[in-house]
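Participant: Here is a sequence together with a model predicted from it:
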Amino acid sequence: MESVKTAVSIRKSLFEEVESLARKMKVPRSRLFTLALEDYIRRQENRKLLMQIDAAYTEEPDPAEETLRRQYRHQHRRMVEGEW
């Protein structure tokens, strides 16, 4: 895996927290930043997917879907009631 060096500016207090956590986890500071960024990106992707799923379920069904749904409910009712 190819790596790229970069420089970022962060608050001193955050840097100290990162240093402390990296020591506790026994990982290099750069690894901790990488893990944090990967987690953040994954959560953003999941949030985007969830928004797309929510949008799909909030849309009203079109008339053809509604007709099919009524037909399936009718067929299911007949099967359950033993008329099938």
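Facilitator: Structure's in. What do you need?

Participant: Could you report the neighbour count for R29?
Facilitator: Neighbourhood size, R29 [other CB atoms under 10 Å]: 13. Quick note: C-beta positions are derived from backbone N, CA and C, even for glycine.

Participant: Could you list which residues are in contact with the residue nearest to it when sequence neighbours are not counted?
Facilitator: Once flanking residues are discounted, R29 sits nearest to A22: 4.7 Å by CB to CB, 6 or more residues apart in numbering. Neighbouring residues of A22 by CB atoms under 8 Å, 6 or more residues apart in numbering: 28-29, 31-32.

Participant: Can I get stretch 56-70 in CSV, CA atoms only?
Facilitator: Extracted in CSV, the C-alpha atoms of stretch 56-70 (Å, rounded to 0.1, in the frame of the first residue of the first chain):
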residue,chain,number,x,y,z
ALA,A,56,-36.8,5.2,-1.1
TYR,A,57,-39.3,4.3,1.6
THR,A,58,-40.8,7.7,1.9
GLU,A,59,-41.8,7.8,-1.7
GLU,A,60,-45.4,7.1,-2.5
PRO,A,61,-46.0,3.9,-4.6
ASP,A,62,-47.0,4.5,-8.1
PRO,A,63,-50.4,3.3,-9.3
ALA,A,64,-49.1,0.1,-10.8
GLU,A,65,-47.4,-0.8,-7.5
GLU,A,66,-50.5,-0.1,-5.6
THR,A,67,-52.6,-2.3,-7.9
LEU,A,68,-50.1,-5.1,-7.5
ARG,A,69,-50.1,-4.7,-3.7
ARG,A,70,-53.9,-5.0,-3.6
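
Participant: three-state assignment of H74?
Facilitator: Assigned with DSSP: H, G, I helix; E, B strand; the rest coil, H74 falls in the helix class.

Participant: what residue ranges in the chain score low on pLDDT?
Facilitator: Residue ranges of the chain with pLDDT under 70: 83-84.

Participant: Now with 50, please.
Facilitator: Within the chain, no stretch falls below the threshold (pLDDT under 50).

Participant: Brilliant, that's me finished.
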